[in-house]
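Peer 1: sequence and predicted structure below; questions after.
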Amino acid sequence: MAKVTMLNMAGTGVGEIELNDAIFAIEPNEFAVQAVVKNYLANQRQGTQSAKTRGDVRGGGRKPFRQKGTGRHRQGHSTDPSQVGGGVAFAPKPRSYRYTIPKKLRRLAMLSALSSKLAEKELIVIDSISFEAPKTKEMIKVLANVKAEKKALVITAAKNDNLIKSAANIPGVETSMVGQMNVYEILNHTSLILTKDAVEKIEEVYA
């Protein structure tokens, strides 16, 4: 099993933690990661774009100009897409972009994302993160102490309101729980910070 130095909030090593190779040390599957990220982004789309077809625009009725003798192309309706003020050909309409992918593929992508973070030395394990009250300055200090990059994702095992509020106003820093983390967010942040409890929860869920 891979071993990682576990830090405290001051950035001091407080021992080593073993990470399950089946979760944090697999060969990343690029196809699975790409498929899951594409699915996540597609599911975020609102699908509210809309444009008028020739049947929706105002106008039509009589022929805009006579058939012959004008030197122009023949035309029967002013709503035709080729006319100024006409409808849009193949106009987009509101629709859902959501689709599902197999559970095994989502699992493989998650393991690939976690393994890539460890392989690239972008995974940081902290014994615990706790604040008596929401303090943005204290959170900034913690991130500096553990040498986290500007874009950091902090994962906890359970909801921590003080931590969430402390990180809310820091640009590029996001917080999440093990049950809500996703592949896109993990890869979209340079540093992945896991608490000791989060590591145990991840190994419990994905082992």
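Peer 2: Okay, I see it.
Peer 1: what's the closest non-adjacent residue to the most centrally placed residue in the chain?
Peer 2: For the chain, the residue nearest the mean C-alpha position is residue 184 (3.7 Å; C-alpha atoms, centre = their mean). Among residues not flanking residue 184 along the chain, residue 40 sits closest, at 4.5 Å (C-beta to C-beta, 6 or more residues apart in numbering). Heads up, the C-betas are built off the backbone N, CA and C, glycines and all.
Peer 1: go on, residue 2?
Peer 2: Closest to residue 2 by C-beta to C-beta, 6+ apart is residue 19, at 4.7 Å.
Peer 1: and the one you found, how close does it get to residue 178?
Peer 2: Here residue 19 is placed at a distance of 14 Å from residue 178 (C-beta to C-beta, to the nearest Å).
Peer 1: same question, residue 105
Peer 2: Distance from residue 105 to residue 178, counting by C-beta to C-beta: 19 Å.
Peer 1: over to residue 88?
Peer 2: According to C-beta to C-beta, residue 88 and residue 178 sit 46 Å apart.
Peer 1: which one of those two has more residues nearby?
Peer 2: The neighbour count for residue 88 versus residue 178, taken as other C-beta atoms under 10 Å, is higher for residue 178 (21 against 14).
Peer 1: using the three-state scheme, assign the closest residue to the more buried one other than its chain neighbours.
Peer 2: Distances taken as C-beta to C-beta, 6+ apart put residue 201 closest to residue 178, at 4.4 Å, once the chain neighbours are dropped. Using DSSP: H, G, I helix; E, B strand; the rest coil, the secondary structure recorded for residue 201 is helix.
Peer 1: right, and residue 201 touches residue 194 too?
Peer 2: No: counting by C-beta atoms under 8 Å, residue 201 stays clear of residue 194, with 9.3 Å between them.
Peer 1: looking at the two, which is more packed in?
Peer 2: residue 194 (28 against 19).
Peer 1: give me phi/psi at that one?
Peer 2: Dihedral pair for residue 194: phi -120, psi 140, per degrees, to the nearest 10.
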